[in-house]
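Visitor: Just to be clear, the model below is a prediction. Sequence and coordinates:
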Amino acid sequence: MYQHIRIHRRILGHLAAVYYVAFDRTGHRIFTGSDDCLVKIWSTHNGRLLATLQGHSAEISDMAVNYENTMIAAGSCDKMIRVWCLRTCAPVAVFQGHTGSITSLQFSPMVKGSMCHMVSTGADGTVCFWQWDAYSMKFSNWPVKFTEKYRPGVQMLRSSFRVGGTFLATGSTDHVIRMVFFLALKHLKK
């Protein structure tokens, strides 16, 4: 299968190192994040630049595309998270919930009605849960923060949701893997 590998396109597209590359959920677009503080959207078919998303003041540290393929979020070393609409490329939200660089972003695959969540981890050792509405694409202004007591200087580095979104795993510089379980809330009738 891999005997006939060839370059499809070679694109000089950023002014600095490209540290993040991801496909959208359709495979028609590629997203790149760079030390030039930009997120760019490219066509996989012809390599053409479709959009440049601006706003960060430091290098891009991670990006995530939501499961509905309608938004992209980018975290940066400027401690900010920016979210853009993929239909219009307009900004949707800007957050600062961390006191350190953003180290990872994940959209949860679990949806409760129209309520969804995005998770960010940071060099400040916290995990932030950002709630948003799938229909209006409106985010809550403040996250629910999780900070476990640990040694000073520990950073949360990566995160990943299990299929279905009931478990989140995080890795950190203190050699610990933390698993968070999300309990389903049920409204009981009396």
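Guide: Alright, I've got the coordinates. Residues are numbered from 1 along each chain as shown.

Visitor: Identify each buried residue in the helix or strand harbouring residue 169, please.
Guide: If you go by DSSP states H and E, residue 169 is part of strand 167-172. Neighbour-count burial for strand 167-172, counted by 16 or more other CB atoms under 10 Å, picks out 168, 170, 171, 172. All C-beta spots, glycine's among them, are computed from the backbone N, C-alpha and C.

Visitor: Equivalent analysis for stretch 98-114, please.
Guide: Of all the residues in stretch 98-114, those buried under the rule 16+ other CB under 10 Å are 98, 101, 102, 103, 104, 105, 106, 107, 108, 110.

Visitor: same question, stretch 27-45
Guide: 29-42.

Visitor: Isn't residue 142 up against residue 128?
Guide: No - assessed by CB atoms under 8 Å, residue 142 is found out of contact with residue 128, at 9.0 Å.

Visitor: export the buried residues of strand 167-172 to JSON lines and tack on pLDDT and distance to residue 79?
Guide: What follows is these, written out as JSON lines (pLDDT from 0 to 100; distance: CB to CB, whole Å):
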{"residue": "168", "pLDDT": "90", "distance to residue 79": "21"}
{"residue": "170", "pLDDT": "90", "distance to residue 79": "18"}
{"residue": "171", "pLDDT": "90", "distance to residue 79": "20"}
{"residue": "172", "pLDDT": "90", "distance to residue 79": "18"}
